[in-house]
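Enquirer: here's a sequence, model it:
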Amino acid sequence: MYKWTFLKSVLISLALTFSAFSYADNHQLDINKASAVQLATQLSGVGAKKAKAIVAYREELGGFTDLEQLKDVKGIGNSIFSKNRDRLMLSAPVDSKSGSKAESES
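Expert: From the prediction side, this is the model:
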């Protein structure tokens, strides 16, 4: 009986581990909220230097309003953008002064 309980525990642990990896592979990264560490670890072809450049450019802009703006960052071209396009998402930029989402002008 103890062997069966142990075996069930191991199988459940493995299932949870692999489902976590699967979730991480399919999870989209919000480029208006991600840290440089998250960008560097979760995007293909993006290391620490490019990730810091993305964050600096985002701060300069006040937040991205279009995913294509990512290609304006030095070192991020069509190739890197295309590799990561499906991993990216974009929330409304956050106003750094008020902490609220910026209103878009009509």
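Enquirer: got the residue ranges for the strands in this protein?
Expert: Using DSSP state E, the strands assigned to the chain run over residues 29-30, 88-89.
Enquirer: of these, flag the one that's most buried.
Expert: Mean neighbour count (mean count of other C-beta atoms under 10 Å) peaks for strand 88-89 among the strands of the chain, with a mean of 16. Yep, even glycine has a C-beta here, placed from its N, CA and C like the rest.
Enquirer: so E68 versus Q28, what's the distance?
Expert: Distance from E68 to Q28, counting by C-beta to C-beta, to the nearest Å: 16 Å.
Enquirer: give me the below-cutoff pLDDT ranges for this structure.
Expert: Applying pLDDT under 70 to the chain picks out residues 1-2, 4, 6-11, 13-26, 94-106.
Enquirer: is G62 in contact with A92, as I believe?
Expert: No. Counting by C-beta atoms under 8 Å, G62 does not reach A92; the two are 11.1 Å apart.
Enquirer: please save the CA atoms from stretch 80-95 in PDB.
Expert: Provided in PDB are the C-alpha atoms of stretch 80-95 (Å, rounded to 0.1, in the frame of the first residue of the first chain):
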ATOM      1  CA  ILE A  80      13.800  38.600 -33.200                       C
ATOM      2  CA  PHE A  81      10.400  40.300 -33.300                       C
ATOM      3  CA  SER A  82       9.000  37.500 -35.500                       C
ATOM      4  CA  LYS A  83      10.500  34.700 -33.300                       C
ATOM      5  CA  ASN A  84       8.700  36.200 -30.300                       C
ATOM      6  CA  ARG A  85       5.500  37.700 -31.800                       C
ATOM      7  CA  ASP A  86       3.300  34.900 -30.400                       C
ATOM      8  CA  ARG A  87       4.800  35.300 -26.900                       C
ATOM      9  CA  LEU A  88       4.000  39.000 -26.700                       C
ATOM     10  CA  MET A  89       1.000  40.900 -25.500                       C
ATOM     11  CA  LEU A  90       0.400  44.600 -24.900                       C
ATOM     12  CA  SER A  91      -1.600  46.200 -22.100                       C
ATOM     13  CA  ALA A  92      -2.500  49.900 -22.000                       C
ATOM     14  CA  PRO A  93       0.500  51.900 -20.900                       C
ATOM     15  CA  VAL A  94       0.600  52.900 -17.200                       C
ATOM     16  CA  ASP A  95       0.900  56.600 -16.400                       C
END
